[in-house]
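Q: I would like to see how this sequence folds:
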Amino acid sequence: MKISVVGTGYVGLVSGVCLAEVGHTVTCVDVDASKVEQINNGVAPIYEKGLDALLEKNVGTRLTASTNLEQAVHDTDLSLIAVGTPFDGQQIDLTYIREVAKDIGRALKTKPGYHVVVVKSTVVPGTTDTVVTPLLESASGKKVGPDFGVGMNPEFLREGDAVVDFMSPDRIVLGACDDRTLAVMQQLYTPFESVDVLSTSPKTAEMIKYTANSLLATMISFSNEIGNLCQRSGNVDVTEVMQGVHLDKRLSPILESGRRVVPAFTTYIEAGCGFGGSCFPKDVKALISYGKALGEPMHLLDSVIKINQMQPGQIIAMLQKQFPSLNGLRIAILGLAFKPETDDMRESPAIPVVRTLVEQGATVSAFDPVARHEAAKLFGDTIHYADTVEETLQSCDAVVLLTRWEIFQDLPRLIQSIKPQPLVIDGRRMLDKTAFERYVGIGM
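A: A predicted model of the protein is given here:
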């Protein structure tokens, strides 16, 4: 198939590159000419593990980038809308969705033949039917159904593992306005065999996306609330508590052979310093707002957000318990991105932690393998950005680990050479607590 992908952020670029990799011809469209030039030169404007290699492999053959949306629509069979939908504090901002819908509609006005428009962006239930479709019809002068199709195809990509998730999906959800649209959307995913495909309405597809993210966010906040209780109780470690809970065979099934299957999510939802990123905080808040507008308060999800907002404060409280004052304290921060294998700083727990430390007079040296430049946009020159873990640790009083980068597993060896050893605060519970002279972890 010939596909145009509008928007070259985490979702759009990963989707475009991966669809090219499985054999489709893809045009990535963006209004930012510099990003388009980068992509055409085989350089990804974002960091995502495995993306550079696939982009370099497919660019110039099955994948190109362009600022000309009209031409891209005319040259393709299906358009994916993958632009941002930020949350403004009250509701998601559909500015980019509206603009793209109008632009695609104007392109459809002069395009002969049938075309399918699919929303990939995360939008609240009803957006595809009540916002995107009317704008497409108005701008094109055509009618959905006989003239063009409209669908909704939510993404389930974890930043840092987005390429793997796209190439090996656990599910594909296709929300289509009619059977003809559905057939085209199914053709898009023909290369993905033996994958569960759920065909439904666009509105239900939109709700599936929000519900999936809200469930995961709820599980994380639950683990954090239990972790905080363990910490308050004393002599109870949340990692051991959750290990015992997850041995329930309904969570980790035991096969007939006797081998236990431990799902990856049991690690994913461990207690820590809070979730961040472009999805969980925004999507949970958007669903709360959506429910409120319908007169259905979302009490549980309200609590999920409140717990998460307070969680970075646990790191500060741990430091304050160990030191009489943070003023003049030398703090080494390990990890700035909200999760490993990405440079995304959006809603990262590191933001409130670092800002509070700076406000209270601490000297902060930070290291992150890829998020340094994004962090500099937020913190400027208020902190020092180290080039290595070793540099970060120099002359520090305390080490605060905030991101689960694999490179930090070497911390016990590096700490051993420092005398006296600094306090280690493990905000992700990824380290062996017995490997340090002074160790404090979330939930213990």
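Q: SS state for the residue nearest to residue 40 when sequence neighbours are not counted?
A: Closest residue to residue 40 apart from its sequence neighbours, by CB to CB, 6 or more residues apart in numbering: residue 65 at 5.1 Å. All C-beta atoms are positioned from the backbone trio N, CA, C, and that covers glycine. Here residue 65 is recorded as strand under DSSP: H, G, I helix; E, B strand; the rest coil.
Q: again with residue 331
A: Assignment for residue 331 (three-state DSSP): strand.
Q: Look at it and say how many residues are nearby.
A: Residue 331 has 26 neighbouring residues, counting by other CB atoms under 10 Å.
Q: Show me what it is bridged to.
A: residue 364, residue 398 (DSSP bridges).
Q: my guess is residue 411 meets residue 433, correct?
A: No - when contacts are counted by CB atoms under 8 Å, residue 411 is not listed as touching residue 433 (11.9 Å).
Q: how about the strands in this structure?
A: 2-6, 25-29, 63-66, 78-81, 115-119, 148-152, 172-176, 197-200, 330-334, 363-367, 384-385, 398-401, 423-426, 439-441 (DSSP state E).
Q: For the fifth one, C-alpha coordinates in CSV please.
A: This means strand 115-119. Provided in CSV are the C-alpha atoms of strand 115-119 (Å, rounded to 0.1, in the frame of the first residue of the first chain):
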residue,chain,number,x,y,z
HIS,A,115,-9.1,7.5,0.2
VAL,A,116,-9.1,6.4,3.8
VAL,A,117,-8.2,8.8,6.7
VAL,A,118,-7.2,7.1,10.0
VAL,A,119,-6.7,8.8,13.3
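Q: Relative to that strand, what are the paired strands and their orientations?
A: Strand 115-119 is paired, per DSSP bridges, with strand 78-81 (parallel), strand 148-152 (parallel).
Q: May I have stretch 433-444 exported as PDB, CA atoms only?
A: In PDB, the C-alpha atoms belonging to stretch 433-444 read as follows (Å, rounded to 0.1, in the frame of the first residue of the first chain):
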ATOM      1  CA  LYS A 433      20.300  -2.900  48.600                       C
ATOM      2  CA  THR A 434      23.000  -5.000  50.200                       C
ATOM      3  CA  ALA A 435      25.700  -3.700  47.800                       C
ATOM      4  CA  PHE A 436      26.100  -0.300  49.500                       C
ATOM      5  CA  GLU A 437      27.100   0.900  52.900                       C
ATOM      6  CA  ARG A 438      24.400   3.500  52.900                       C
ATOM      7  CA  TYR A 439      21.300   2.700  50.900                       C
ATOM      8  CA  VAL A 440      17.700   4.000  51.000                       C
ATOM      9  CA  GLY A 441      15.000   2.800  48.500                       C
ATOM     10  CA  ILE A 442      11.500   3.800  47.700                       C
ATOM     11  CA  GLY A 443       9.100   1.600  49.700                       C
ATOM     12  CA  MET A 444      11.400   0.300  52.500                       C
END
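Q: What residues sit buried inside that stretch?
A: 436, 439, 440, 441, 442, 443, 444 (16 or more other CB atoms under 10 Å).
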